[in-house]
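>>> need a 3D model of the following:
(chains A, B and C)
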Amino acid sequence: MNTTAARLRAALAPAAREPDKARPRRARRLRLERATLVRFALSWPFPLALLLTWYLASAFEWLPPQILPPPAMVVSTFVELVQSGELGDNLWISLWRVLVGFAAGGAAGLALGIAMGLSPRIRDYLYPSFRLVAQVPSVGWLPLLMMLVGIGEALKIILIAKAAGMPIAMNTYKGLEGVSTRFIEVARVYRFTRWQLLTKVVLPAAFPQIWNGIRYGLTHAWLALVAVELLASSEGLGFLIVYGRQLYQLDVVMAAVAVVGAFGYALDKLLALIEARLLRWRRDGF
Amino acid sequence: MTTVVTTLELRRILRGATLPALLLAWWWAMFHFHWTDTVMFVPIAKVWDTAVRMSSSGQLWISLGASLARDLAGFTLGSLVGLAAGTALGLSRLLENLVGPSLHTVKQVSLFAWIPLISVWFGLGDTAKVVFLSLAAFFPVLLNTFEGIRSVPRELIEVARSFAFTRSQMLLRVVLPAALPSIFTGIHLALIYAWLATLGAEYLLTSGIGIGNLLTDGREHLWMDQVLLGVAVVGLVGFALNLVAGAIERHLLRWRGGSAGQY
Amino acid sequence: MAHAGTLEISNLSKQYRVQGSTLPVLDNISLSIRPGEFISIVGASGCGKSTLLRLVIGLENDYQGEILLDGKRIVGTSLERGIVFQEHRLFPWLTVEQNVSLGLLNADLPEAEKRKSVQEHIELVGLKGFETAHPYQLSGGMSQRVAIARALVNRPEVLLLDEPFGALDALTRNHLQQELQRIWEQEGITAILVTHDVDEAVYLGDRVVIMEPRPGRIKRIVDVPLARPRDRGSYAFAAIKDDVLAEFADKPQAELAPPPPAPSFSDWQFSW
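Residues are numbered from 1 along each chain as shown, chains lettered A, B, ... in the order given. Reported below is the predicted structural model:
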């Protein structure tokens, strides 16, 4: 709150005092700050209006509290869940599953994609089967997997790994396949060794698409996690959601949904930050 | 000349078939040599028999039809709303600043997490499923439409301005056609997501019939043949949807020719 | 034949505001263009010649001074002023015929007349038979010819051309210069061509306006009293060309281009 007020003061006061010519650089920064502030301010009316409607709807009981709990209750339930450790425990389990599954699937997907991308022979053997498996979305494999491996941890990890690995493998393969022959020709003119070709030309050129696959992989990992936890789990965020739903405690459900969203966002943002660092200085190379 | 080409292609086909063939062989061997005694593993022939049985009894087609009907309904609804919203947000900076951040926040929540809430508000039947499917289709279309409209080349807008185009002419004759490739990408993605959402919805909102219900049913009764059949059908439908979407896209965007983006 | 307009530019000045400071682009430009005249404007990069064109066509409106067409102040864009850009800017999803028809979308003519005009102009630029082709099927030169047809189809009073052949190879450029000259003579409209190719400027123009940069000013105006079609190899042609080139004797300094003003969508986006 303090920072916002301070920023507002800084943004408004000096502009009113000094003439345009005197300090152009300051005016430039102020203009930029003002634009961002305006955007920030504009983003609030809509959600606040929704919040108000929600509050009124529950205060006047337009819908029974089992269907629409008051916002205050959701907040207090959230606090309760945090304090009791229930949220933390379930969150940790879900995060662990996502990360392990994503890492396993990612590694396998990268390996498969690189193998198919670099070796036409391996591609011939594996790609058709890969495409066949890819036709069925991960959720489609769930019942079969449940029959084969039961409903323990293995099910979750395998499903998440598969969900993450498919787009990673596909994008890695396509990215490698799609490296422009123009770059390869330059490498040939300068007589690069195979290793140099791979590390200095092919992988950097394919990197944007590979990274795309990685981001898709994370999204699909979350999708699979939530699906499997809703269906066949006794812990985790998904379980929390189902549990709240069974007991018609929608406040619990909403709190859990919010956490799912928040952490999904956080992980994706992390990837975006990594991408910004890696990709930018690599992109300059072109 | 032709013989050489055919040999190369033949080699490719044979290589590609190796893995599936090995899998089938192992499956057959499992049975033939009784390597396992679980009731779960069924001979391939049984899957085929089940397919024929369910097909002729109509059960397969009814389930498939129900799933597809819901899929199409949700997909259409979600896409239309997404198209309208994407266009509105693309055209108006004000609207984008007002509503954009909220939409972006809601988008962060993994799709299936919404089902329990939806089940409370809309029940366990078709309505809830269609609502969920619309949600699944909405976001890809919204985002890609928005992106497409924002990326309309300024150069083309200037040409239209030099011909004194009115606002509606600008929107209908320049902005929307130029954004069409992006819009189609969104629609294609929406189709994919809607289909997998259909399945998830059928697992979790269990009242009603559909391919997902077939799968759940098979799993509960440990009927491997039914489950395998379900998986195959899911794959085929996904494949068919992709094919149709691709064909429509190619036809409507045939003006792209080789190099897109030249103006 | 289209009615040729009289263009009067008086004391035209323009500045850009870039990151807090003011960048003067045009400084006190005055030019009288007679109806049916062909004016070539040459100058190095950064002399504001494209900006001048954009002001006349009405794509930019923030300036000091006056621009009068047939005595009336111009306001925004209008069908009376046509423009051909350096990129052909054809709509990729339309055929040649449909692209040319765009120019007539808001014209007050019966359908039959519109179709006739479209067909005439496609023939005028020598593309008869290509009516149903899409832009991706055309070469650069052909696309630019379609752009010219599109700009002329509603018979504007003034045709502006902003380095129209800059993106084409030398052979096509030469050919299209001859085509443009033929078309201009046939249509009889006023034309303003902006180019950095002195040869092109002298070949096509009745007068060559030489501009110098930072800020953009008119340095000199050279008359080209030669009969058309002009012989690029003739002594008189070479003399005039040398005369113009002499104005650019100082070697152009290599400089980083100033950052272009950020394009704003507020031009055409709805503001609700």
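>>> OK, contacts around A:L271?
A:I214, A:R215, A:L218 (CB atoms under 8 Å, 6 or more residues apart in numbering or on different chains). C-beta here means a position set from N, CA and C on the backbone, and glycine is covered the same way.
>>> do C:E97 as well
C:V118, C:I122, C:E131, C:T132.
>>> which SSE is the second one in?
Secondary structure from DSSP states H and E places C:I122 in helix C:111-124.
>>> what about residue 60, how many residues nearby?
Looking at chain A here, since you left the chain open. 8 (other CB atoms under 10 Å in any protein chain shown).
>>> try chain C instead
17.
>>> then C:P225?
Around C:P225 there are 8 residues (other CB under 10 Å).
>>> touching chain A at all, the one helix or strand in chain B whose mean pLDDT sits lowest?
Ranking every helix and strand in chain B by mean pLDDT, DSSP states H and E puts helix B:2-32 at the bottom, with a mean of 83. Yes: Helix B:2-32 lies within reach of chain A by CB under 8 Å from any CB of the partner chain, at B:R11, B:R12, B:R15, B:G16, B:A17, B:T18, B:L19, B:P20.
>>> in the stretch 1-150 of chain C, which residue sits closest to chain A?
Proximity to chain A, evaluated over the stretch 1-150 of chain C using CB to the nearest CB, is greatest for C:G20 at 4.0 Å.
>>> how about the backbone phi and psi for that residue?
Here is the backbone geometry of C:G20 (degrees, to the nearest 10): phi 90, psi -30.
>>> what does C:V158 give?
When read as degrees, to the nearest 10, the backbone of C:V158 gives phi -130, psi 140.
>>> OK, contacts around it?
C:G5, C:L7, C:V56, C:L69, C:E80, C:R81, C:G82, C:I189, C:T190, C:A191, C:I192.
>>> rerun that using 10 Å as the cut-off
Neighbour list for C:V158: C:2, C:4-7, C:33, C:35, C:39, C:56-57, C:69-70, C:74, C:78, C:80-83, C:189-192 [criterion: CB atoms under 10 Å, 6 or more residues apart in numbering or on different chains].
>>> can you name the residue of chain C nearest chain B?
Going by CB to the nearest CB, chain B is nearest to C:Y136 of chain C, at 2.9 Å.
>>> hang on, that residue in a helix?
Yes: according to DSSP: H, G, I helix; E, B strand; the rest coil, C:Y136 belongs to a helix.
>>> surely it touches C:P92?
Yes: with contact defined as CB atoms under 10 Å, C:Y136 reaches C:P92; the gap is 6.4 Å.
>>> so for these two, which sits in the more crowded spot?
Comparing C:Y136 with C:P92 by other CB under 10 Å, the one with more neighbours is C:P92, at 22 against 16.
>>> just give the nearest non-adjacent residue to A:N90, would you?
A:L240 (5.0 Å; CB to CB, 6 or more residues apart in numbering or on different chains).
>>> from A:L87, how far off is C:G46?
Distance, C:G46 to A:L87, using CB to CB, to the nearest Å: 62 Å.
>>> higher neighbour count, the two?
Legend: neighbour count by other CB under 10 Å for C:G46 and A:L87, higher for A:L87 (21 against 18).
>>> give me the domain ranges for chain A.
Using automatic domain parsing, the domain parsing of chain A gives A:2-69, A:85-283.
>>> pick the most deeply packed of these.
domain A:85-283 (a mean of 19; mean count of other CB atoms under 10 Å in any protein chain shown).
>>> up against chain B, what does the stretch 101-250 of chain C have?
C:102-107, C:134-138, C:140, C:143, C:147, C:150-151, C:153-154, C:156, C:160 (CB under 10 Å from any CB of the partner chain).
>>> got the contact list for A:A134?
Residues near A:A134 by CB under 10 Å, 6+ apart: A:Y127, A:M166, A:P167, A:A169, A:M170, B:G235, B:G238, B:F239.
>>> tell me the secondary structure of C:G129, please.
coil.
>>> what's the burial count for it?
C:G129 has 10 neighbours, counted by other CB under 10 Å.
>>> okay, buried residues for the least confident helix or strand of chain B please.
B:R12, B:R15, B:G16, B:L19 (16 or more other CB atoms under 10 Å in any protein chain shown).
>>> starting at the chain centroid, how far to that helix?
The gap between the average C-alpha position of helix B:2-32 and the chain average comes to 29 Å, counting by CA atoms, centre = their mean, to the nearest Å.
>>> stretch B:63-78 now?
The chain centre lies 11 Å from the centre of stretch B:63-78; the measure is CA atoms, centre = their mean.
>>> stretch A:42-50 too?
24 Å.
>>> just the CA atoms of it, as CSV, please.
Taking C-alpha atoms only, stretch A:42-50 is exported to CSV below (Å, rounded to 0.1, in the frame of the first residue of the first chain):
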residue,chain,number,x,y,z
LEU,A,42,-7.8,-0.5,-15.0
SER,A,43,-7.3,-4.2,-14.2
TRP,A,44,-9.1,-3.9,-10.9
PRO,A,45,-12.7,-2.6,-11.5
PHE,A,46,-13.9,-5.8,-13.2
PRO,A,47,-12.7,-8.4,-10.7
LEU,A,48,-13.8,-6.1,-7.9
ALA,A,49,-17.2,-5.8,-9.4
LEU,A,50,-17.4,-9.6,-9.6
